[in-house]
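>>> Sequence first, then the predicted structure, then my questions.
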Amino acid sequence: ESIGDAFFAVDSDWTVTYWNKEAEHVLGRKRKDIVGKKLWDEYSDAVELEFYAQYHKAMATGKMVTFEEFYPTLGKWFEVSAYPGNEGLSVYFKDITLRKETDIEILRANERFEKVAQATTDAIWDWDIENRVFHRSHGFEKLFGHKVKKRLEESEVWEGSFYAGDLPEIKSSLKESLQDPSREFWKREYRIVHKNGQVKTVIDKGAIIRNGSGQAIRMVGAITDISERIRHERELEELNEALKKNIKDLEITNDQLEQFAFIASHDLQEPLRMITSFLNQLQRKYSGQLDEKADQYIHFATDGAKRMKQIILDLLEYSRAGRSDEPPETIDLNELAEEYEVLRSRLIKEKSVRIVKGKLPKVTCYKAPLAQTFHCLMDNAIKYSREGVPPQIKITVSSKKDHWQVKIKDNGIGIDPSFYDKVFIIFQRLHDRDTYDGTGMGLSISKKNVESWGGKIWLESIPGKGSAFYFTINKNKS
């Protein structure tokens, strides 16, 4: 009665002869209700379990048996020792349910850990600092390219595949983190050497577990191979450097082209002025004195010189398009439209142009290129009007998520869809010069301007009914 184990005894016929208080407590049966009765009659639910088999084995062999078994009826685990004697069997047992459930949970946790270790591409490690033992997952074999010991002494950890030049800093960093009670994590990027000789870059992260006094007693961590990421970053850096160089080269080329265009236009205009001057003198002095054919030739030559001068000026304008030394500023599109109406008031009156616009927003953009683009699209809307039909132009601005969308719609001659892209190409004309004058560079300049501030330009049109030109202005332009 004084021992801590539960105890009962049976004779050779399996009749219960003794049942102590601890047995009453553990099994929930009073001594008076069980003593003198057949064990297997009272516990028939245990006949199919290890209890029955082990007790009979002890009785038959005369040897002690020790085992652990789960009893479903009570939902408990028991640790049992049965001692056979001349008169029967003495059984000592204790309730080990808590320990067993803990063992099972630990086993399940270990299984989960093993599954995670197998599923991940990382190399997982567990360092028992107190006992100086280090455990590694299978991931180390892929990382190092060869078989590795799964359990090793602390002194063996840094042998083998770690890059020798990085070891001093790794150890120093790790020691510093372990000695600082406030540190819960350690992280280090370093190199390892694969079996094939390839040097890989890894990032090692570990969680530090401390006791009540702040001393590190364990670390659990994982090593991730970041070689590909590092390689891509280096490639990206190289591409960025190459891009910077290309941008610089383009800036130099653009400057040179602008200088060339300016010089060329200046040098070309001088002989053109001379040609035009002499042609004008010929026209004034000899008009009517030569035959009709000669007067016609002089007219063609004068007209050609004028168009050549305009082409040179437009080329110079195109070379400068999209380049602004001024910073972006806040521009009221209402004022921009009003300025245009004042500037083109004579033309608007002559052609009975009707301009419709609502309340337009303020935008942030480069003023000169924006004004030039706006004027060009408005001029085209007036120029390419239908014969006998007064031009009507509607200006609207839509607010999108990250940009403003400007729309200039007319009721003019329209453009066939097959020519949508062609109209933005330099020197491309859809009509002969006798019908509509110009060099065909206005929309090319507009496109270059819009793209310079990060916008887009496009059109929609129905031949014979009109066109709508769109362009965008970023809201976050700064």
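Cool, the structure landed.

>>> Following the helix or strand of the chain with the lowest mean pLDDT in sequence, what is the next regular element?
Least confident helix or strand of the chain, by mean pLDDT, DSSP states H and E, is helix 292-320 with a mean of 71. Counting by DSSP states H and E, the element after helix 292-320 in chain order, helix or strand, is strand 329-332.

>>> for the record, mean pLDDT for that following strand?
What strand 329-332 shows for mean pLDDT is 92.

>>> so where is this protein shaky, pLDDT-wise?
Scanning the chain for pLDDT under 70 picks out 114, 116-121, 254, 256-270, 307, 309-325, 426-440, 476-478.

>>> 50 - rerun?
Scanning the chain for pLDDT under 50 picks out 432, 477-478.

>>> where do the helices sit along the chain?
21-27, 31-34, 39-42, 50-61, 97-119, 139-144, 167-179, 227-286, 292-320, 333-343, 345-350, 367-383, 442-452 (DSSP state H).

>>> can you put these in TSV and add mean neighbour count and distance to S161?
The way it works is simple: take the backbone N, C-alpha and C, and place the C-beta from them, glycine included. Output for the helices of the chain, formatted as TSV (neighbours: other C-beta atoms under 10 Å; distance: least, C-beta to C-beta, whole Å):
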stretch	mean neighbour count	distance to S161
helix 21-27	17	55
helix 31-34	13	65
helix 39-42	16	62
helix 50-61	16	48
helix 97-119	12	18
helix 139-144	19	4
helix 167-179	14	11
helix 227-286	12	14
helix 292-320	15	61
helix 333-343	15	66
helix 345-350	12	81
helix 367-383	20	60
helix 442-452	21	53
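
>>> Tabulate those helices (TSV), appending distance to T15.
Listed next are the helices of the chain as TSV, based on distance: least, C-beta to C-beta, whole Å:
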stretch	distance to T15
helix 21-27	15
helix 31-34	10
helix 39-42	7
helix 50-61	13
helix 97-119	28
helix 139-144	60
helix 167-179	64
helix 227-286	75
helix 292-320	116
helix 333-343	108
helix 345-350	124
helix 367-383	109
helix 442-452	103
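
>>> Let me know which of those is the nearest to I192.
Nearest to I192 among the helices of the chain is helix 139-144; the distance by C-beta to C-beta comes to 6.8 Å.

>>> Give me the distance from the closest one to the chain's centre.
For helix 139-144, the distance from its own C-alpha centre to the chain's C-alpha centre is 28 Å (C-alpha atoms, centre = their mean, to the nearest Å).

>>> Could you name the helices and strands sitting against it?
strand 123-128, strand 216-225 (3 or more C-beta pairs under 8 Å, 6 or more residues apart in numbering; DSSP states H and E).

>>> V389: which of these is closest?
Of all those, it is strand 216-225 that lies closest to V389, at 71.0 Å by C-beta to C-beta.

>>> tell me the angle of the closest one relative to helix 97-119?
Taking axes from the mean of the first three to the mean of the last three C-alpha atoms, to 10 degrees, one finds strand 216-225 and helix 97-119 inclined to each other by 30 degrees.

>>> Identify all contacting residues around strand 216-225.
Contacts with strand 216-225, where a contact means C-beta atoms under 8 Å, 6 or more residues apart in numbering, come from 120-130, 139-140, 143, 178, 186, 200-211.

>>> Just the buried ones among these, please.
Applying 16 or more other C-beta atoms under 10 Å to those, the neighbour count classes 122-127, 129, 139-140, 143, 178, 186, 200-204, 206, 208, 210 as buried.

>>> any idea which residue sits dead centre in this structure?
By C-alpha atoms, centre = their mean, the chain has its centre lying nearest to R229, at 13.6 Å.

>>> roughly how far apart are that one and E235?
11 Å (C-beta to C-beta, to the nearest Å).

>>> which residues sit against stretch 466-478?
By C-beta under 8 Å, 6+ apart, the list of residues contacting stretch 466-478 from outside reads 328, 363-365, 370, 373, 377, 380-381, 384, 400, 402-412, 414-415, 446, 450, 453-461.

>>> Identify each buried residue in it, please.
Going by neighbour count (16+ other C-beta under 10 Å), the buried part of stretch 466-478 is G466, S467, A468, F469, Y470, F471, T472, I473, N474.

>>> what's the offset of that stretch from the middle of its chain?
Chain-centre distance of stretch 466-478: 28 Å, with C-alpha atoms, centre = their mean.

>>> got the contact list for the residue nearest to I223 when sequence neighbours are not counted?
Once flanking residues are discounted, I223 sits nearest to A123: 4.3 Å by C-beta to C-beta, 6 or more residues apart in numbering. Contacts for A123 were tallied using C-beta under 8 Å, 6+ apart; they are R136, S137, G139, F140, K142, L143, A222, I223.

>>> K359 too?
When contacts are counted by C-beta under 8 Å, 6+ apart, K359 touches N334.

>>> for it, phi and psi?
Per-residue torsions, K359: phi -80, psi 110 (degrees, to the nearest 10).

>>> Look up how far L49 lies from F67.
The gap separating F67 from L49 is 10 Å, by C-beta to C-beta.

>>> whoops, Y190 was the one
Counting by C-beta to C-beta, the gap from Y190 to L49 is 56 Å.

>>> and if you look at R183?
Separation of R183 from L49 (C-beta to C-beta): 52 Å.

>>> Next: E141.
Relative to L49, and taking C-beta to C-beta, E141 is found at 43 Å.

>>> do A468 as well
On the measure of C-beta to C-beta, A468 and L49 end up 88 Å apart.

>>> L243 now?
Distance, L243 to L49, by C-beta to C-beta: 76 Å.

>>> Check E130 too.
In this view, E130 and L49 are 40 Å apart by C-beta to C-beta.

>>> any idea which of the contacts of A123 is closest to Y71?
Set against Y71, the nearest of the contacts of A123 by C-beta to C-beta is S137 (37.5 Å).

>>> I figured the closest one hits I124, correct?
Yes: S137 lies in contact with I124 (C-beta atoms under 8 Å); the separation is 4.0 Å.

>>> which ones are touching G214?
By C-beta under 8 Å, 6+ apart, the residues touching G214 are P181.

>>> rerun that using 10 Å as the cut-off
G214 is in contact with Q179, D180, P181, S182, R183, counting by C-beta atoms under 10 Å, 6 or more residues apart in numbering.

>>> Over to P271?
Residues in contact with P271 (C-beta under 10 Å, 6+ apart) are A305.

>>> about what we covered before: please identify which two of the contacts of A123 are farthest apart in space.
Largest separation among the contacts of A123 by C-beta to C-beta: K142 and A222, giving 13.0 Å.

>>> And N196, how far from S161?
N196 is 11 Å from S161, by C-beta to C-beta.

>>> nope, R210 is what I meant
Look at R210 and S161: by C-beta to C-beta, they are 29 Å apart.

>>> Likewise for K475?
Applying C-beta to C-beta to K475 and S161 gives a distance of 54 Å.

>>> what's the neighbour count on the closest residue to D11 other than its chain neighbours?
The shortest distance from D11 to any non-neighbouring residue, by C-beta to C-beta, 6+ apart, is to G88 (3.9 Å). Residues lying near G88 (other C-beta atoms under 10 Å) number 19.
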